[in-house]
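>>> here is my input; please provide its structure:
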Amino acid sequence: MDHLSRWITLARKRTSEIRALRKKTKNKSLDDGGLSEALVGVEGILQDIPHILVGQAALTCKAYARSLLNFESHIVAQRAQKGADTDKDLQVYYENLHECYAHLDEPDGMEGISTRIISPSVLHQIREHESTGRWTSAQSCWEVKLQQKPDDPVNHVGLLRCLRNLGHYDSMRTHIVGLLHSRGDEVDWERLLAPFNVEASLFVGDWDSVEDALDVPDLEGPEASFGRVLCAIRNGDRDQVERAFFDAREQLGGPVVAAGRESYRRVYDSIVHLHILD
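Got it, this is the predicted structure:
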């Protein structure tokens, strides 16, 4: 759709140039080669795509701003066409907006849409608390989720994220050690917990734990990159330091190169990590 939208922009510019040239030269036989007809056809195709479909696809692709725009357009259309004037008829769409606002870091929008949700679940409460920075309340909600599903890794990651934002690194390490002890040698759990283990160990200065966490196979992410760089600096090997910086820049800068200039919001975290590295 992005490529088609850009083609439409260029086609409109080209047809305008042809019309201006035709008017200037008074040459009525000057033709655009069927570009006008193609332009109408492509615009019609894009307009026929339902907003709800685009919104769901954008949400899956983590293009939250576009998803929010299309879900809002769909809600407006639902109200106009079907007379859906009660919040009960639009709950499923409000939930989508709730998720978009959470990822876009829009606390005002989150507060507003939360008032429209009739029966907020624990997950809704978690999104709202995290979006507005109420990490202690979010931690309590994640602990409730853990009581319901103690084997779900998502719940453990959510709790660790809260502890990290609260600066409770000792509690993070205690929770991670307990999980690794109970899960044995499950590589998936080690890989999932390793970034949090690296960050917490760096903050408390436990370099042995940092190196152990970095030994997890195929470990990637900003925490691993920072950990390898700091370990190399601590070892004092110049070649190792240069190699660690090169690998870190290559990994952290990959999403920026892939996204291009038009997706700054989507690669903002990567840009911040590069600034931290430098």
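>>> for residue 16, see how far away the residue nearest to residue 172 when sequence neighbours are not counted is.
Once flanking residues are discounted, residue 172 sits nearest to residue 200: 4.2 Å by C-beta to C-beta, 6 or more residues apart in numbering. (C-beta placed from N, C-alpha, C; glycine too.) Remark: distance between residue 200 and residue 16 (C-beta to C-beta, to the nearest Å) = 59 Å.
>>> ok, the two, which is more surrounded?
The residue with more neighbours, out of residue 200 and residue 16, is residue 200; 27 against 10, by other C-beta atoms under 10 Å.
>>> enumerate every residue touching the more buried one.
164, 169, 170, 172, 173, 176 (C-beta atoms under 8 Å, 6 or more residues apart in numbering).
>>> burial count for residue 218?
7.
>>> specify the local secondary structure of it.
coil (DSSP: H, G, I helix; E, B strand; the rest coil).
>>> the residue lying closest to it once chain neighbours are set aside: which element?
Counting by C-beta to C-beta, 6+ apart, residue 191 is the residue found nearest to residue 218 once chain neighbours are left out, at 7.0 Å. Per DSSP states H and E: residue 191 is located in helix 187-204.
>>> before we move on, the earlier item: how near is the residue nearest to residue 218 to residue 232?
22 Å.
>>> which of those two has more neighbours?
residue 232 (20 against 15).
>>> residues in contact with that one?
Contacts of residue 232 (C-beta under 8 Å, 6+ apart): 240, 241, 243, 244.
>>> now do residue 176
With C-beta under 8 Å, 6+ apart, residue 176 has these contacts: 160, 193, 196, 197, 200.
>>> with residue 7 instead?
residue 42.
>>> check what pLDDT it gets.
Note on residue 7: pLDDT of 82.
>>> what's the helix or strand for it?
helix 2-25.
>>> who's in contact with the helix or strand following that helix?
For helix 2-25, the following helix or strand on the C-terminal side (DSSP H and E) is helix 35-48. For helix 35-48, the external contacting residues (C-beta under 8 Å, 6+ apart) are 1, 4, 5, 7, 8, 11, 12, 14, 15, 18.
>>> out of the residues you listed, the closest to residue 49 would be?
Within the contacts of helix 35-48, the smallest distance to residue 49 is 7.8 Å, found for residue 1 (C-beta to C-beta).
>>> these two touch, right, that closest one and residue 61?
No: between residue 1 and residue 61 there is no contact under C-beta atoms under 8 Å: 10.7 Å.
>>> and for those two, which residues touch both?
Going by C-beta under 8 Å, 6+ apart, no residue sits against residue 1 while also sitting against residue 61.
>>> just to revisit the earlier point, against residue 171, how distant is the residue nearest to residue 172?
9 Å.
>>> residue 19 now?
Counting by C-beta to C-beta, the gap from residue 19 to residue 171 is 68 Å.
>>> for residue 233, same thing?
Distance from residue 233 to residue 171, by C-beta to C-beta: 27 Å.
>>> then residue 78?
Applying C-beta to C-beta to residue 78 and residue 171 gives a distance of 45 Å.
>>> cool, residue 272 as well?
25 Å.
>>> OK, contacts around residue 194?
Per C-beta under 8 Å, 6+ apart, neighbours of residue 194: 213, 214, 216, 219, 223, 224.
>>> gap between it and residue 217?
10 Å.
>>> I figured residue 149 hits residue 156, correct?
No: with contact defined as C-beta under 8 Å, residue 149 does not reach residue 156; the gap is 9.9 Å.
>>> what about the two, which has more around it?
residue 156 (22 against 11).
>>> and the strands in the stretch 101-250 of the chain?
Counting by DSSP state E, counting those that start in this stretch, no segments of the stretch 101-250 of the chain form strands.
>>> show me the shaky parts of it.
Scanning the stretch 101-250 of the chain for pLDDT under 70 picks out 184-187.
>>> that one: helices as residue ranges?
Secondary structure of the stretch 101-250 of the chain (DSSP state H, counting those that start in this stretch): helices at 107-114, 122-131, 135-148, 153-166, 169-183, 187-204, 207-214, 222-235, 238-259.
>>> in the third one, what counts as buried?
Counting neighbours by 16 or more other C-beta atoms under 10 Å, one finds that the buried residues in helix 135-148 are 135, 137, 138, 139, 141, 142, 145.
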